[in-house]
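Asks: sequence and predicted model, in that order:
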Amino acid sequence: MQNKFELLIKNSQLRGQPDKLYEIGIAGGKIAAIDEKLQGEADQVIDAGGSLVTESYVNTHLHLCKVYTLMMMDDEAMKSYQGSDKTMGKAMTGIELAMQVKEKYDETWIIENVRKAVALAAYYGNTHIRALADVDSKARLEGVKALIKAREEFKGIVDIQVVAFAQDGIVREPGAADLVREAMKIGADVVGGIPWIEYTEKDIAEHVKVIFDIAEEFDADVSMLVDDAGDPGLRSTELMAVETIKRKRFGRSLAHHARAMALYPKPYFQKVSALLKKAEMGVVSDPQTGPLHARVHELLEEGNLVCLGQDDISDAYYAYGRNNMLEVAFLASHLLWMTTRPEMEVLYDMITTKAAECIGIKDFKLAVGNPAHLVVLDVPNTLEAFRYHDAPVHVISHGKLVDSAKMKELGRV
Ligand SMILES: [Zn+2]
């Protein structure tokens, strides 16, 4: 039988197979065939010219409602978040200062910024994003509405999971729980919390409980920013894992940041690591956006699921960022000291397959039968991919070529 492909990629270098080049046939949005030589016709042919073809990139943590808001405020919030001694001792003050911009929250200007950031994501081959929108008495549902709108506009190009995120707390922010429920009703996908920001241990536990209650109500996954300050006594990562296990929601929770983990005594770290594994819960680390970070090396050694996130793009917490996950991995390579070639392969997984696993995307691997979410680079290996962290030559999402020129223009690169 003759194959009929919509798209055929020739001369593809696949990861881990340096001595061969492959052809990848795509039909009906899926990878239909992979072989050294494929028989059949194709509507469109791309010659990768011996360059690397891999899964596209997945960004598991992005505060998408806040992108480009740095220009709307002074630098006080960022100074406090990091702390003058870079210990993150005043992270909570930073978050409180960052609240001010939310007085001005309005879907109409937020969507403009969101479009630019999502177009950049597409341009840089980042086809899947778990995006957080603040939900509280100031932001109300303005951020959520803008992100839902963007999710629809970019359908088929960038898959956006909208997280209804109680950034300013649940107990200390009266009405926030109802707003999160409201956000889920109008179409948010994931329930998001930040338990460590509450004032007492009791309130932290209550925050975790409420977030999981809402998640069960809507049969949704949970994403929480845990222990995001320089206090070794913070325990919300543990609480989140325990709650996941108790409610048998294995694989449906994701811990973001967990920066206090850097300061845990070793025996306590070992306990948390074991709980994370039992809960099948991943950890997103964003070492470029704060002076402390989760213990990525040890988590990997223990066999935990770890990935990377962009976290912020020009907001009160981080000045740079352009949704380029190769750039994020390049920075992480330095900050985590993962600079050997085997470690680069691990980093590459942390922005592709492992990241997909962290946010519940099934069948993401470059394999026959899976949806075709791919990038065609202009370099032959991961070392060169990180060195230049350039935009891919071609981005394929749901089996279709992304109009990179249009995305570049929308993103104003
Ligand atoms: Zn964050």
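Replies: The structure has been received and is ready for your questions.
Asks: alpha carbons only for contacts and neighbour counts from here, please
Replies: Fine.
Asks: what about R235, how many neighbours?
Replies: 22 (other Cα atoms under 10 Å).
Asks: list phi and psi for it.
Replies: Per-residue torsions, R235: phi -130, psi 20 (degrees, to the nearest 10).
Asks: pLDDT at the closest residue to it other than its chain neighbours, what is it?
Replies: What sits nearest to R235 in space, not counting adjacent residues and going by Cα to Cα, 6 or more residues apart in numbering, is D227, at 6.8 Å. Note for D227: predicted pLDDT of 94.
Asks: need the contact list for D227.
Replies: W196, L234, R235, S236, T237, H257, A258, R259, A260, M261 (Cα atoms under 8 Å, 6 or more residues apart in numbering).
Asks: out of those, which sit inside strands?
Replies: H257 (DSSP state E).
Asks: out of the contacts of D227, who's nearest N11?
Replies: H257 (39.0 Å; Cα to Cα).
Asks: for the residue nearest to L38 when sequence neighbours are not counted, list each beta-bridge partner.
Replies: Spatial nearest neighbour of L38, excluding adjacent residues (Cα to Cα, 6+ apart): E23 at 6.4 Å. Following DSSP bridges, E23 is listed with bridge partners D35.
Asks: from K10, how far off is E23?
Replies: In this view, E23 and K10 are 5 Å apart by Cα to Cα, to the nearest Å.
Asks: S137: what secondary structure?
Replies: Of the three states, S137 takes coil according to DSSP: H, G, I helix; E, B strand; the rest coil.
Asks: roughly how far does it sit from D219?
Replies: 25 Å.
Asks: then D136?
Replies: 22 Å.
Asks: low-confidence regions, the protein specifically.
Replies: 1, 74-75, 413 (pLDDT under 70).
Asks: let's check: the centremost residue of it is which one?
Replies: T60 (1.4 Å; Cα atoms, centre = their mean).
Asks: and it, helix, strand or coil?
Replies: Going by three-state DSSP: T60 is strand.
Asks: for it, which non-adjacent residue is spatially closest?
Replies: Nearest to T60 is R130, by Cα to Cα, 6+ apart, at 4.8 Å.
Asks: A helix includes that neighbour, no?
Replies: No - R130 is assigned strand when assessed by three-state DSSP, not a helix.
Asks: what's the separation between it and V242?
Replies: Distance from R130 to V242, by Cα to Cα: 23 Å.
Asks: try A215
Replies: A215 is 15 Å from V242, by Cα to Cα.
Asks: which outside residues touch stretch 376-389?
Replies: Stretch 376-389 is contacted from outside by 13, 15, 48, 50-54, 324, 326-327, 329-330, 341, 344-345, 348, 391-395, using Cα under 8 Å, 6+ apart.
Asks: of those residues, buried ones?
Replies: 13, 15, 48, 50-54, 324, 326-327, 329-330, 344-345, 348, 391-395 (16 or more other Cα atoms under 10 Å).
Asks: now do the buried residues in the strand or helix carrying E409.
Replies: E409 belongs to helix 404-411 when elements are defined using DSSP states H and E. Neighbour counts over helix 404-411 (16+ other Cα under 10 Å) mark S404, M407, K408, L410, G411 as buried.
Asks: next: stretch 293-313.
Replies: In stretch 293-313, counting by 16+ other Cα under 10 Å, buried: 293-296, 299, 304-313.
Asks: just the ones in helices from the residues you listed, please.
Replies: Counted as lying in helices by DSSP state H, out of the buried residues of stretch 293-313, are V296, L299.
Asks: among the buried residues of stretch 293-313, which two are most distant?
Replies: Across the buried residues of stretch 293-313 (Cα to Cα), the longest gap, 27.2 Å, separates N304 and I313.
Asks: the strands in the stretch 151-300 of the chain, which residues?
Replies: Using DSSP state E, counting those that start in this stretch, the strands of the stretch 151-300 of the chain run over 159-165, 190-193, 221-226, 253-257, 282-285.
Asks: next, the residue nearest to R235: phi, psi?
Replies: According to degrees, to the nearest 10, D227 has phi 40, psi 50.
Asks: try K104
Replies: Per degrees, to the nearest 10, the backbone of K104 is at phi -100, psi 10.
Asks: tell me, how many residues neighbour it?
Replies: Neighbours of K104 using other Cα under 10 Å come to 14.
Asks: quick one: it and E182, what's the gap?
Replies: K104 is 20 Å from E182, by Cα to Cα.
Asks: please apply the same query to I46.
Replies: In this view, I46 and E182 are 45 Å apart by Cα to Cα.
Asks: cool, and E201?
Replies: Distance from E201 to E182, by Cα to Cα: 27 Å.
Asks: cool, and K271?
Replies: Taken as Cα to Cα, the span from K271 to E182 is 36 Å.
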